[in-house]
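K.L.:
got a sequence here, can you model it:
(2 chains)
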Protein chains: 2
Amino acid sequence: MNIPKTSNPRIVIIGGGFAGVALAKKLSKQEVQVVLLDRNNYHTFQPLLYQVSTGGLEPDSIAYPIRKILKDFPNFYFRLANVEEIDTVKNKVRTDIGHLKFDYLIVASGSTTNYFGNSEIEKHSMAMKTIPQSLDLRSLILENFEEALLTSDLNERNALMNFVIVGGGPTGVELAGALAEIKKGILPKDYPDLDTRMAQINLIQSSDCLLKGMSAKASEKAEDFLEKLGVIVWKNLRVTNYDGKTATTNTDLTFKTETLVWAAGVEGAVIKGLDSEYFVTRGNRILVNEFNQIKGFENIFAIGDIACLCTEEFPNGFPMMAQPAIQQGNQLGDNLLRLLEEKPMKPFVYKDKGTMATIGRNKAVVDLKNFKFQGVFAWFVWMFVHLFFLIGFRNRMVVFVNWLYNYVRFDREARLIIRPFKKRLKEN
Amino acid sequence: MNIPKTSNPRIVIIGGGFAGVALAKKLSKQEVQVVLLDRNNYHTFQPLLYQVSTGGLEPDSIAYPIRKILKDFPNFYFRLANVEEIDTVKNKVRTDIGHLKFDYLIVASGSTTNYFGNSEIEKHSMAMKTIPQSLDLRSLILENFEEALLTSDLNERNALMNFVIVGGGPTGVELAGALAEIKKGILPKDYPDLDTRMAQINLIQSSDCLLKGMSAKASEKAEDFLEKLGVIVWKNLRVTNYDGKTATTNTDLTFKTETLVWAAGVEGAVIKGLDSEYFVTRGNRILVNEFNQIKGFENIFAIGDIACLCTEEFPNGFPMMAQPAIQQGNQLGDNLLRLLEEKPMKPFVYKDKGTMATIGRNKAVVDLKNFKFQGVFAWFVWMFVHLFFLIGFRNRMVVFVNWLYNYVRFDREARLIIRPFKKRLKEN
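P.N.:
Sure thing, here's the model as predicted:
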């Protein structure tokens, strides 16, 4: 892999998400060598992927070159690599570009879509965990409308304009809201020769409330907002299969749809060699102690979505979101330095900064520790927080310009089919 | 195709480029039915594609949804379609989504890369005529640098960092300049562990001057600017083949390179049914009279790159650029309306608004009719003109923010490998 050997300990980080990047930053300018491996050369700001799918933002403005984040750190090496296996005995990782020895290894490989073993759903549904996936969904949505124009078969046209989103967490709720706004604000203008009132947005949640991790008030209000926008919310309903045409459920209900978005769950992106039952727990996450150390290892850690750090308040680990990831990355950075100085590490303490979700224009829900609010103000808070956490001044400016424009003009201009998805599928 | 029959004459336009869009706008709100067919749902601002390839702009900001351009026109229909054949006898077009009858047909299908019959070059080189092509080139450039880091074979590393651009027209010159700026300003920061001084940018021109259509002064100055930026300019040299590893020339010279960009020529994108030798002339363009009417037809026209309108000043047709396309679109719009009112059409007169090319930061060349200038002022004029001609307020804002940022920070942040190109090639 052409990484020089130095006398400094080598810390290898797998994954340039929120956790990995936070950690790498902490280790900069220290007496260590940091190697970050990621299969992409960019960091993805996942909370805004749904806006890429719905044409509100360009993908480039929510991604950021990893090399640029860490360009001022002379002890830092990035490699574009897919880690295939971890050898915990010989302390090395095997990747598609070669082997690499480590002194310390930090697994920050994040999470991936959980299909709960259903390969039919996996094959036919759309996911929204990466930028290419989000762009594919954007293409598909637009391709469906173009196709709907061409058919005189009403059933087919309805299936093309029927969107089924499975999963009532933040991703599902935010996507449903954005699609509803497209239906209302953009479709009638773009497709005057199509009866776009027939477009349906179905949001399906298996339990009895949306936004499960949030307060009851937030959940109710989110549902209320969605219904006002015209989204059909289904609760206590589970999609059991989808063959590309029809989604079946655990009841008699079926949905004829050409677009099923699977946002029903995520699971840890475990890597071979660290997939032992001994420490991989529910949700495919790796069990770690309060220092994010993986059970049985002194020098191997896991942080972010992949890590399951169980506390009294969170007996199944922290929610798989940006905040715990960033905080664990920061904390582990400090701890590694302590470890190198032979000082005792400090246990991780999660500072809950609150959670929030946006449903649409002027509509968001925010839960802070002592203050829960919904509506216009929540929406502005949501925007401010997301702008603040985006990496890069240019990204913030571009996102801000887009949001301002979209707000004033009731528009979303990035509705481009750059790489057709359906067409590509058919050709393969 | 589900387009309603009305008593108004149906005008079918093939292609939503500069010419097609200008024409469609002219025909809006008239007593005609306008159907625009394009294989993309967006209009591409081709003059800025090289900035997409070099990470200076996001693709979404130089593309614009065609439906949105024409959303206020009740007589306008857009269909996402690839036109496969034109039936000039039955007055209909065959597309991948069905047949369509026309009363008037306007071919504005533009141009495509001309490989002069060399299928090896076509297979292995990169083109830059569409947004997906430009994104592929962006990926390839970045993938090459990532790969260069991994090899200790000096020849291989040099081939990965050797860029060969064939064609010294505006596209080649602008791309070479942008790559040189990346080499200077970004590579050393992004790849501190790579000797990026070894990166080479070769610009190869078959004749004895760059920017052939421009003044001698512009040509000289462009060459001077390029050389100051470190581009190696080759004149009177022709690339005869490229097998993906080595480019051979009409001399003893060969270039070992993993990236050959073919910007040596374009040709008309002629459609079956209108490909008769009777009116297809050099450069694969369709011969038209002064009303842009195709020889032998009353109701079939060609405008833009595909049309060859020969005048005394331009015996081989107008240059294949935005200005003649826009002006022909506008003029034909007026002429069609005159035709419908049974008034005589007016012949097309080209108003030369000048040509320009940018080489890099503060470096551009501008030829106006009575005033030719180069340097900083030319560069500002170039920027202003390109912002002005971009479609859409949001696009202008986003491009402006990017340019401002890039200028102040000597940066280009969209250096993301979203859809790896080399990896995709290998997998297929």
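
K.L.:
tell me the residues of the stretch 51-200 of chain A that contact chain B?
P.N.:
A:58-61, A:63-65, A:67-68, A:71, A:74, A:77, A:79-80, A:97-98, A:131-132, A:135, A:142-143, A:146, A:149-152, A:189-193 (C-beta under 8 Å from any C-beta of the partner chain). All C-beta atoms are positioned from the backbone trio N, CA, C, and that covers glycine.

K.L.:
from those residues, which land in helices?
P.N.:
A:67-68, A:131-132, A:135, A:142-143, A:146, A:149-150, A:189-190 (DSSP state H).

K.L.:
now those in TSV, with neighbour count?
P.N.:
Listed next are those as TSV, based on neighbours: other C-beta atoms under 10 Å in any protein chain shown:
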residue	neighbour count
A:R67	24
A:K68	20
A:I131	23
A:P132	14
A:L135	23
A:L142	24
A:E143	21
A:E146	22
A:L149	19
A:L150	19
A:K189	14
A:D190	22
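
K.L.:
what are the contacting residues of whichever strand or helix holds A:E267?
P.N.:
Assigned by DSSP states H and E, A:E267 falls within strand A:266-268. The contact list for strand A:266-268 (C-beta atoms under 8 Å, 6 or more residues apart in numbering or on different chains) reads A:109-114, A:129, A:280, A:283-286, A:305-306, A:308, A:320.

K.L.:
can I have the buried ones of the residues you listed as a ChimeraX selection?
P.N.:
ChimeraX command restricting those to the buried ones, with burial defined by 16 or more other C-beta atoms under 10 Å in any protein chain shown:
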select /A:109,110,111,112,113,114,129,280,283,284,285,286,305,306,308,320
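
K.L.:
restricted to strands, list the contacts of strand A:266-268.
P.N.:
A:111-113, A:280, A:285-286, A:308 (DSSP state E).

K.L.:
that older thread, how far away from the center of its chain is the strand holding A:E267?
P.N.:
10 Å (C-alpha atoms, centre = their mean, to the nearest Å).

K.L.:
what's the mean pLDDT across that strand?
P.N.:
Confidence for strand A:266-268, expressed as mean pLDDT, is 96.

K.L.:
of all the ones in helices among the residues of the stretch 51-200 of chain A next to chain B, which two lie farthest apart?
P.N.:
A:R67 and A:L150 (44.7 Å; C-beta to C-beta).

K.L.:
show me where chain A has helices.
P.N.:
Going by DSSP H, chain A shows helices at A:18-27, A:49-53, A:66-69, A:119-124, A:131-150, A:154-160, A:170-185, A:187-190, A:216-228, A:322-340, A:376-389, A:393-409, A:422-427.

K.L.:
which of the ones you listed sits most buried?
P.N.:
When you average the neighbours per residue for each of the helices of chain A (mean count of other C-beta atoms under 10 Å in any protein chain shown), helix A:49-53 leads with a mean of 27.

K.L.:
before we move on, the earlier item: strand partners of the strand holding A:E267, parallel vs antiparallel please.
P.N.:
strand A:111-113 (antiparallel) (DSSP bridges).

K.L.:
could you list the domains of chain A?
P.N.:
Domain assignment of chain A by automatic domain parsing yields the ranges A:10-39+A:81-113+A:266-340, A:124-264+A:361-427.

K.L.:
for stretch A:209-218, buried residues please.
P.N.:
Neighbour-count burial for stretch A:209-218, with 16+ other C-beta under 10 Å as criterion, is recorded at A:209-211, A:214, A:218.

K.L.:
quick one: end-to-end distance for it.
P.N.:
End-to-end distance of stretch A:209-218 (C-alpha to C-alpha, to the nearest Å): 10 Å.

K.L.:
got the contact list for it?
P.N.:
A:168-170, A:172-173, A:203, A:219-220, A:222-223, A:226, A:233, A:235, A:319, A:355, A:357, A:365-367, A:372, A:374.

K.L.:
got JSON lines for the buried residues of stretch A:209-218, with pLDDT too?
P.N.:
Below are the buried residues of stretch A:209-218 laid out as JSON lines (pLDDT from 0 to 100):
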{"residue": "A:C209", "pLDDT": "96"}
{"residue": "A:L210", "pLDDT": "97"}
{"residue": "A:L211", "pLDDT": "96"}
{"residue": "A:M214", "pLDDT": "95"}
{"residue": "A:A218", "pLDDT": "97"}
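
K.L.:
closest one of these to B:N162?
P.N.:
A:L211 (53.3 Å).

K.L.:
related to what we said a few turns ago, so which of the helices of chain A gets nearest B:K5?
P.N.:
Among the helices of chain A, helix A:131-150 sits nearest to B:K5 (C-beta to C-beta), with 16.0 Å.

K.L.:
so which elements touch that closest one?
P.N.:
Contact here means 3 or more C-beta pairs under 8 Å, 6 or more residues apart in numbering or on different chains; DSSP states H and E; on that basis helix A:131-150 packs against helix A:49-53, helix A:154-160, strand A:259-262, helix A:422-427, strand B:76-80.

K.L.:
out of those, the one nearest B:N8 is which?
P.N.:
strand B:76-80 (11.8 Å).

K.L.:
paired strands for that closest one, with orientation please.
P.N.:
In the sheet, strand B:76-80 lines up with strand B:33-38 (parallel) (DSSP bridges).

K.L.:
what is the neighbour count of A:E298?
P.N.:
By other C-beta atoms under 10 Å in any protein chain shown, 9 other residues sit near A:E298.

K.L.:
so how far is A:R94 from it?
P.N.:
Separation of A:E298 from A:R94 (C-beta to C-beta, to the nearest Å): 21 Å.

K.L.:
likewise for A:M126?
P.N.:
Computed with C-beta to C-beta, the distance linking A:M126 and A:R94 is 31 Å.

K.L.:
so if I had to pick from the two, which one is more boxed in?
P.N.:
Neighbour count, other C-beta under 10 Å: between A:M126 and A:R94, A:M126 has more, with 20 against 17.

K.L.:
so what pLDDT did that one get?
P.N.:
In this prediction, A:M126 carries a pLDDT score of 97.

K.L.:
residues touching it, list them.
P.N.:
Residues near A:M126 by C-beta under 8 Å, 6+ apart: A:133, A:136-137, A:140, A:259-262.

K.L.:
isn't A:Q374 right next to A:L368, touching?
P.N.:
No. Counting by C-beta atoms under 8 Å, A:Q374 stays clear of A:L368, with 12.0 Å between them.
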